[in-house]
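Colleague: turn this into a model:
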Amino acid sequence: MWYQYYAMRMGIPRNEYPLIPAGEFADLLACHRVEQGVARLKMPLDDEEIIPDVP
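Modeller: Numbering: from 1, shown residues only. Next up, the predicted model:
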């Protein structure tokens, strides 16, 4: 399954990954992807980007 593959890639022992809750595992996977350079951190938008200047 997909979580077994990613657990092995992250170095999580086979007997430990079934004990990790799904949400926590998703967070670990997201951190791993950022660390590897596959994904980027989402940057929050500021007011200037959300509401453009209207003359």
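
Colleague: distance check, Gln36 against Pro21.
Modeller: In this view, Gln36 and Pro21 are 22 Å apart by CB to CB, to the nearest Å. For the C-beta atoms, the positions are set from N, CA and C on the backbone; glycine is no exception.

Colleague: hmm, I typed the wrong one, I wanted Ile51.
Modeller: 38 Å.

Colleague: list the buried residues of the helix or strand of the chain with the lowest mean pLDDT.
Modeller: One helix or strand of the chain scores below all others by mean pLDDT, DSSP states H and E: helix 47-50, with a mean of 70. Judged by neighbour count (16 or more other CB atoms under 10 Å), helix 47-50 contains no buried residues.

Colleague: repeat that for stretch 35-54.
Modeller: Under 16+ other CB under 10 Å, stretch 35-54 has no buried positions.

Colleague: repeat for stretch 19-26
Modeller: Phe25.

Colleague: pull that stretch out as CSV, backbone CA atoms only.
Modeller: Only the C-alpha atoms of stretch 19-26 are listed here, as CSV (Å, rounded to 0.1, in the frame of the first residue of the first chain):
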residue,chain,number,x,y,z
LEU,A,19,0.8,2.6,14.9
ILE,A,20,1.0,6.1,13.5
PRO,A,21,-2.4,7.8,13.1
ALA,A,22,-3.3,8.7,9.5
GLY,A,23,-3.3,12.5,10.0
GLU,A,24,0.1,12.4,11.7
PHE,A,25,1.5,10.2,8.9
ALA,A,26,0.2,12.7,6.3
